[in-house]
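Student: One predicted model, sequence on top.
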Amino acid sequence: MNKEQLRKIINIKRNNLTKEYVDNISQQIVERFLHYFDKYFSFILYCEKDNEVKASPLINILLSKKKVIYLPIYDKNICSFGRVFDFSELALSKYGILEPKNRSNVDQVDVIVVPGLAYDIRGNRLGRGAGFYDKVLKNLKVKFRIAFAYDFQVLDSIPADDLDERVDFVITEKKIIGGSNG
């Protein structure tokens with residue numbers, strides 16, 4: 001199965017999830033994440049779209065603990081980041097995603113949580129196809145690359161090439177899968 005076929009299959013499954021299911025599973029994944037990664041100081045998160053696992057609840061939780069939070073700002077083929085001081089600062093982008101209004105220079109963080117469509121047990125990640133996060137992961141100094149996923153999004157193997165960047169861990173509602181960034 002090629003990347004486009006896999007994207008289509010996973011999108012169909014994900015789009016058929018109920019709001020209640022997404023909320024429940026997202027809460028489980030966020031709690032699992034906090035158990036292991038709450039001790040770190042700086043984070044890049046994402047605001048979900050199209051039934052992605054919800055990372056946005058982490059924003060207020062981590063801000064209340066005086067953590068440094070950045071969110072992506074998407075512009076054409078570039079993904080930059082803006083620091084978030086309060087959830088109310090975010091605005092809906094032309095892509096339908098909540099984003100900060102101002103860009104920040106970010107070259108290093110402790111943890112990045114990236115969205116995606118599918119992952120495998122080696123930490124390979126299949127995104128939407130624009131390469132935003134592959135470019136970010138290639139250039140960003142980060143201690144941990146994390147992905148949030150529903151269990152059905154994790155497969156034994158997915159198509160990957162030399163431009164695809166891996167994650168270190170995939171956190172699902174059922175388990176944490178250790179990957180590799182090498």
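Tutor: On my side now, so go ahead.

Student: what about stretch 87-96, start to end distance?
Tutor: 16 Å (Cα to Cα, to the nearest Å).

Student: What lies in contact with it?
Tutor: Stretch 87-96 is contacted by residues 47, 49, 56, 59-60, 63, 71, 73-74, 84, 98-101 when judged by Cβ atoms under 8 Å, 6 or more residues apart in numbering. From N, CA and C alone the C-beta is placed, and that goes for glycine too.

Student: ok, now stretch 22-30?
Tutor: With contact meaning Cβ under 8 Å, 6+ apart, stretch 22-30 is reached by 48, 51, 53-55, 57-58, 61, 148, 150, 171-173.

Student: Run through the protein and note the low-pLDDT ranges.
Tutor: Within the chain, the ranges that satisfy pLDDT under 70 run 129-131, 179-182.

Student: what about the strands in it?
Tutor: Assigned by DSSP state E, the chain shows strands spanning 42-44, 68-75, 78-84, 91-92, 98-99, 108-114, 118-120, 125-126, 141-148, 154-155, 169-171, 176-178.

Student: Turn the ones you listed into JSON lines, columns for distance to K3 and mean neighbour count.
Tutor: Below are the strands of the chain laid out as JSON lines (distance: least, Cβ to Cβ, whole Å; neighbours: other Cβ atoms under 10 Å):
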{"stretch": "strand 42-44", "distance to K3": "24", "mean neighbour count": "23"}
{"stretch": "strand 68-75", "distance to K3": "20", "mean neighbour count": "19"}
{"stretch": "strand 78-84", "distance to K3": "19", "mean neighbour count": "18"}
{"stretch": "strand 91-92", "distance to K3": "29", "mean neighbour count": "10"}
{"stretch": "strand 98-99", "distance to K3": "26", "mean neighbour count": "21"}
{"stretch": "strand 108-114", "distance to K3": "17", "mean neighbour count": "20"}
{"stretch": "strand 118-120", "distance to K3": "9", "mean neighbour count": "23"}
{"stretch": "strand 125-126", "distance to K3": "6", "mean neighbour count": "22"}
{"stretch": "strand 141-148", "distance to K3": "16", "mean neighbour count": "20"}
{"stretch": "strand 154-155", "distance to K3": "12", "mean neighbour count": "16"}
{"stretch": "strand 169-171", "distance to K3": "18", "mean neighbour count": "24"}
{"stretch": "strand 176-178", "distance to K3": "20", "mean neighbour count": "15"}
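
Student: possible to save the ones you listed as a markdown table with distance to K135?
Tutor: Listed next are the strands of the chain as a markdown table, based on distance: least, Cβ to Cβ, whole Å:
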| stretch | distance to K135 |
| --- | --- |
| strand 42-44 | 13 |
| strand 68-75 | 11 |
| strand 78-84 | 7 |
| strand 91-92 | 23 |
| strand 98-99 | 17 |
| strand 108-114 | 12 |
| strand 118-120 | 18 |
| strand 125-126 | 13 |
| strand 141-148 | 13 |
| strand 154-155 | 23 |
| strand 169-171 | 20 |
| strand 176-178 | 24 |
